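Asks: Sharing a model that was predicted from the sequence below.
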Number of protein chains: 4
Amino acid sequence: MSLAEQQKAEIEQARAAQAQTRRPTVPAMEELLFTALPVLDHGFVRVIDYMGDDAAVVQAARVSYGRGTRKVSEDEGLIRYLMRHHHSTPFEMCEIKYHVKLPIFIARQWIRHRTANVNEISARYSILDREFYIPAPENLAAQSEINRQGRGDVLTGDDAAAVLDLLRADAAQTYEHYEQMLNPEGPGLARELARMNLTLNTYTQWYWKTDLHNLLHFLRLRADAHAQYEIRVYAQAMLETVKAWVPMTYRAFLDYSAGAVSLSAPMLAVVRRMLAGEQVEQTQSGLSKREWIELMLALQPAQAAVET
Amino acid sequence: MSLAEQQKAEIEQARAAQAQTRRPTVPAMEELLFTALPVLDHGFVRVIDYMGDDAAVVQAARVSYGRGTRKVSEDEGLIRYLMRHHHSTPFEMCEIKYHVKLPIFIARQWIRHRTANVNEISARYSILDREFYIPAPENLAAQSEINRQGRGDVLTGDDAAAVLDLLRADAAQTYEHYEQMLNPEGPGLARELARMNLTLNTYTQWYWKTDLHNLLHFLRLRADAHAQYEIRVYAQAMLETVKAWVPMTYRAFLDYSAGAVSLSAPMLAVVRRMLAGEQVEQTQSGLSKREWIELMLALQPAQAAVET
Amino acid sequence: MSLAEQQKAEIEQARAAQAQTRRPTVPAMEELLFTALPVLDHGFVRVIDYMGDDAAVVQAARVSYGRGTRKVSEDEGLIRYLMRHHHSTPFEMCEIKYHVKLPIFIARQWIRHRTANVNEISARYSILDREFYIPAPENLAAQSEINRQGRGDVLTGDDAAAVLDLLRADAAQTYEHYEQMLNPEGPGLARELARMNLTLNTYTQWYWKTDLHNLLHFLRLRADAHAQYEIRVYAQAMLETVKAWVPMTYRAFLDYSAGAVSLSAPMLAVVRRMLAGEQVEQTQSGLSKREWIELMLALQPAQAAVET
Amino acid sequence: MSLAEQQKAEIEQARAAQAQTRRPTVPAMEELLFTALPVLDHGFVRVIDYMGDDAAVVQAARVSYGRGTRKVSEDEGLIRYLMRHHHSTPFEMCEIKYHVKLPIFIARQWIRHRTANVNEISARYSILDREFYIPAPENLAAQSEINRQGRGDVLTGDDAAAVLDLLRADAAQTYEHYEQMLNPEGPGLARELARMNLTLNTYTQWYWKTDLHNLLHFLRLRADAHAQYEIRVYAQAMLETVKAWVPMTYRAFLDYSAGAVSLSAPMLAVVRRMLAGEQVEQTQSGLSKREWIELMLALQPAQAAVET
């Protein structure tokens, strides 16, 4: 991550200003506020604002006049009940706003979550900075041979070096030509056109605001081991902010959502036979090979759906 | 409005608690926070939480690291530009949460705005209070004879008295039977069934949370003179909270949205002919009678689209 | 259900008209089209239009130029894969439109699903028909003593008779007064006001249009045994239309969504211990009593999440 | 546009298949169905499916049992009334599905319309085709000097040639390296990583489905003269499909939405003064310079908000 001195000064200035408020306030979030959590080589996530806390979830579920809280153990019990039974509307009563810097090809994945509010820097209007994502060598993976969407072994030696050289050189060259085309002393091409010459690893940035329910849905998918590494690291950084913000909700999320496994009707039938003492093989299970493997993984001791 | 003593105490307790925050804070909103603004005979609107301020709109539009603000006049100019050109996403960066008590038939109109988050008290789970909306005599209007959706003259004398008697007596009786059916010593009917005996003027309540853009859209439609009186008074109370919260946005909204008029292509053609000095009559205007009246109203001096 | 003769004639006329189309067409749906499936005492659901079929799901998942279909078995495998892994966007490519007649208190539950398009008959504009939902005796249940949202035993004898008498009499009386207040020879009260005197079991109707993904989400919640009976019967009727429309998707839905059970991380830990041969009791399970019961129900042979 | 022979064959096959249906059918849309309308150098828009027609809008507005149509003139009057008064829900009852091929930088603008359903070809899973957008010389515009988002004069001579050379060479080179990195005989880099080397003018494709109301909102913004040329040409092609599909709605849209102008409260005040015979200058108008120019443009004879 590379914040210019001026940007750091602006962040420090924002952190220095304090005011009195009657709104629910979370000290651990106040501590995090505005600070950039580094992600990838030049990216970051920072919390810009938040609304509500664990008690606001409870208050909405009880539609009460005050904070709605009773004993801490009752509040946590209610939050766990809501999470377990997919009663999502009380979690929609909390809201969070992030400032995120991320490569364009990751922004394209991220934007598919349609329920958030987004303000992205406009390359019709502004000139993008000269910053590209170049993977660290340990993240330079080969195409998986068994999973068309997945990664296989890490590249090594000449292969890794060749790939990094190509990525670096092409990003540098296309950016140089971008500047050249924009040059008012030269062609002076319109920004909205010149941007098309940039590569998809160029960094962009946006304000992204969402409610807690939709944030957890995003994190369940994107902090999952099957998500692409480059978006997973953003999700993991955001998971830390959730832990600071709404610790009860965070624990319920780990137990009942991120750490839960959905067993299909045919899978359940197999589990029941196994619990009745039957030795079940895939071929007589009624499950496809793929589903059988998924079930066996779910029943393995070490299973952990979210890497935290 | 009739808050029980316990409710008033809860509100006072919530107002008494203060904390330090680094988040954008609006003193005029802090002053309003948690207080119930009375609406109709037993209803209210109260602000429970808010996120962001005018500067947050500016910050999002500029995707900046700090508050994004420059000179006050530049900020207001930007907000007015955004409002005038329907650039709505920066306004989505502010969020507000209300607690509202309202009659069910108004709740049914209100809920059609689908972009908000809602937690309503559940009559499957709770027993609703014995509170119904009975119009004040000056709001007891006859069916309009020219507008199938509208109101005509105010009822008077025996007609008014007869209507009020019927409304009061039926609400009281159906509520009494509701309690009777629920009575555990009697039938002990399930709450989810007993509620069907209540009339549509029974009060319900909910938490309602939305972003500033969608709130303004709601207010443009519901604070308008064509909206039903019983929802308009809620919208007017909420408009006051907007004025306290984001005064620049509020002024831009009055000028460019609530106070603006959309002229169709055929209407514009008429205005151009009039400006060129032509005397235009409806019959040669190319407008239907209805459109002609709408245009004449728009061009009248006293035109005010929102009653504030 | 009670369709007037004129309504039946209009439906027959709509069914008689046929045209040639290049669009995906499902003969079993054509057979159902426009016909009212009766629900409750006066309600119905009828399919008014549909877009897409199982092959459209496949086509979207493959972003292909033609129908995207390969062998039937491959298509079904892909649909099952998409359903199992919550890849919901291909299911959003199918759309359905219903005309529904339903009691207002059920409409209030239903409308909480915000992703659909709705056009409801307006009681500001029209006079509602004299039709109320009165439960059949076998659906007249007592309040559950263990579940605050649920139903217990069926009422019998005098209790049942008393409840039915009250419901019938109050609905009849409030409707009579509604007409009386509206009477142009009498008070001539505005429709938008008079409606507030109606009880919540009055029937309303609407056009309701949604995509297949959101429809299945609705059906998973509302065809479930925990849903209120009066909405569940609508969901069950709609489930039949899904079976006719997209049979592959329907089967995958039963196996992987409606019939699936989500096991939390603590529940999975218990299942693993049991499969390892341990005798686990609730007290050493790490589960609350409630969660333990939920797990035991899931592992029981007869478990069926959707009543079909 | 460059459809492979196989793609053309698939389209022809889809067009050849016909079936009987009871659904509303629009002959002019049937004629268009599946055919690719060329846009830019390699892009296209084609209608894949549609639901509803002008009469479906009328039917929803009347929540009627049959088609809801009366006389054609009454139906058109109702549609015009709905459009003029922003009663948008009846237009949501029609749905359309497109297959679109477009450059990635345009896809990034387009996706900001969040209400549609989208299935895009996945570059994690598939290898993108070697096709890039290269502007035609007449669309190679300089950066506007007065509007930071806009285009100025067309580039000529050496400037144009230099830009085209850079765009062509960089796209070709980055694509070549993309293939090289993917090469299983070489590094065999994972697809989800290799894609980051592509430039933003690479073509992608998606299925895009939306309702008529949201489609018209998209077209009002994107067929407008202020929209970037490269997205406007898609909007213009889609406008032709709307004209074929729902001709009454199309005419109402041109008059009351695309061709309408919103006059702010201060602008209206100026128009009223002018109609009263006053000579108004910008300096005494209460309008900023920018707003004054906008008003003068609106009142000019030749004003046309959508280029059709």
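Replies: Received it, and whenever you're ready, just let me know what you need.
Asks: Which elements pack onto the lengthiest helix in chain A?
Replies: Assignment by DSSP state H gives helix A:157-182 as the longest helix of chain A. Here helix A:157-182 touches helix A:191-194, helix D:157-182, going by 3 or more Cβ pairs under 8 Å, 6 or more residues apart in numbering or on different chains; DSSP states H and E. For every residue, glycine as well, the C-beta is placed using N, CA and C.
Asks: Give me the buried positions along stretch A:232-250.
Replies: Residues of stretch A:232-250 classed as buried: A:232-239, A:241-246, A:248-250 (neighbour count, 16 or more other Cβ atoms under 10 Å in any protein chain shown).
Asks: ok, now which ones touch the closest residue to A:L33 other than its chain neighbours?
Replies: Nearest non-adjacent residue to A:L33, counting by Cβ to Cβ, 6 or more residues apart in numbering or on different chains: B:R22, 4.6 Å away. By Cβ atoms under 8 Å, 6 or more residues apart in numbering or on different chains, the contact set of B:R22 is A:A14, A:R15, A:A17, A:Q18, A:E30, A:L33, A:F34.
Asks: Could you check how far B:R22 is from D:E230?
Replies: Distance of B:R22 to D:E230, given as Cβ to Cβ, to the nearest Å: 42 Å.
Asks: how about the residues of the stretch 201-308 of chain A near chain B?
Replies: A:Q205, A:W206, A:Y207, A:K209, A:D211 (Cβ under 8 Å from any Cβ of the partner chain).
Asks: What does the pLDDT read for the second one?
Replies: As predicted, A:W206 sits at a pLDDT of 96.
Asks: Same question for the host helix or strand of A:A28: list its buried residues.
Replies: Using DSSP states H and E, A:A28 sits within helix A:27-32. Across helix A:27-32, burial judged by 16+ other Cβ under 10 Å covers A:M29, A:E30, A:L32.
Asks: quick one, what contacts the first one?
Replies: What it means is A:M29. The contact partners of A:M29, taken as Cβ under 8 Å, 6+ apart, are A:V47, A:Y50, A:T241, A:A244, A:W245.
Asks: rerun at 6 Å
Replies: Listed by Cβ atoms under 6 Å, 6 or more residues apart in numbering or on different chains, the contact set of A:M29 reads A:Y50, A:A244, A:W245.
Asks: what's the closest of those residues to D:E291?
Replies: The shortest approach to D:E291 among the contacts of A:M29 belongs to A:Y50, at 36.8 Å (Cβ to Cβ).
Asks: hang on, isn't that closest one packed against A:K97?
Replies: No. The pair A:Y50 and A:K97 does not pass the contact test of Cβ atoms under 6 Å, sitting 7.2 Å apart.
Asks: And the residue of the stretch 1-150 of chain A found nearest chain C, its phi and psi?
Replies: Minimum separation of the stretch 1-150 of chain A from chain C (Cβ to the nearest Cβ) falls at A:R84, amounting to 6.6 Å. Here is the backbone geometry of A:R84 (degrees, to the nearest 10): phi -70, psi -30.
Asks: re earlier: please work out which of the helices and strands packed on helix A:157-182 is packed deepest.
Replies: Mean neighbour counts were compared across the helices and strands packed on helix A:157-182 using mean count of other Cβ atoms under 10 Å in any protein chain shown; the top stretch is helix A:191-194, at a mean of 24.
Asks: Residues in contact with the following helix or strand past it: which ones?
Replies: Counting by DSSP H and E, the next helix or strand C-terminal to helix A:191-194 is strand A:203-211. By Cβ under 6 Å, 6+ apart, the residues outside strand A:203-211 that reach it are A:42, A:92, A:95, A:97-101, A:103-104, A:107, A:116-121, A:131, B:60, B:93.
Asks: quick one: strand A:203-211 to strand B:203-211, angle?
Replies: Angle, strand A:203-211 to strand B:203-211, by axes from the mean of the first three to the mean of the last three Cα atoms, to 10 degrees: 170 degrees.
Asks: Establish whether whichever helix or strand comes after strand A:203-211 and chain D are in contact.
Replies: The element immediately downstream of strand A:203-211 (helix or strand, assigned by DSSP H and E) is helix A:212-222. No. Residues of helix A:212-222 are not located near chain D by Cβ under 6 Å from any Cβ of the partner chain, the shortest gap being 12.1 Å.
Asks: Enumerate the residues of the stretch 51-200 of chain A near chain D.
Replies: A:105, A:111, A:114, A:124-125, A:141-143, A:148-149, A:151, A:155, A:159, A:163, A:166-167, A:170, A:174, A:177, A:181, A:187-192, A:195-200.
Asks: Could you report the distance from the residue lying closest to A:P187 once chain neighbours are set aside to A:L198?
Replies: With sequence-adjacent residues excluded and distances taken as Cβ to Cβ, 6+ apart, A:P187 is closest to D:D159, at 4.0 Å. Applying Cβ to Cβ, the value for D:D159 to A:L198 is 20 Å.
Asks: Please apply the same query to A:Y256.
Replies: Taken as Cβ to Cβ, the span from A:Y256 to A:L198 is 42 Å.
Asks: so which helix or strand takes in the most centrally placed residue in chain A?
Replies: In chain A, the residue lying closest to the centroid (Cα atoms, centre = their mean) is A:A235, at 2.4 Å. Assigned by DSSP H and E, A:A235 belongs to helix A:229-245.
Asks: Need the contact partners of that helix.
Replies: Helix A:229-245 is touched from outside by A:26, A:28-29, A:32, A:37, A:39, A:45, A:47, A:106, A:109, A:139, A:219, A:222-223, A:250, with contacts defined as Cβ under 6 Å, 6+ apart.
Asks: what about 7 Å?
Replies: Helix A:229-245 is contacted by residues A:26, A:28-29, A:32, A:37, A:39-40, A:45, A:47, A:50, A:100, A:102-103, A:106, A:109-110, A:139, A:219, A:222-223, A:227, A:250, A:308 when judged by Cβ atoms under 7 Å, 6 or more residues apart in numbering or on different chains.
Asks: What of stretch A:104-118?
Replies: Applying Cβ under 7 Å, 6+ apart, the contact partners of stretch A:104-118 are A:200-202, A:204, A:206, A:208-210, A:214, A:218, A:230-231, B:89, B:92-93, B:211, D:108, D:111, D:114, D:195-196.
Asks: Endpoint to endpoint, stretch A:28-38 covers what distance?
Replies: Stretch A:28-38 has an end-to-end distance of 18 Å (Cα to Cα, to the nearest Å).
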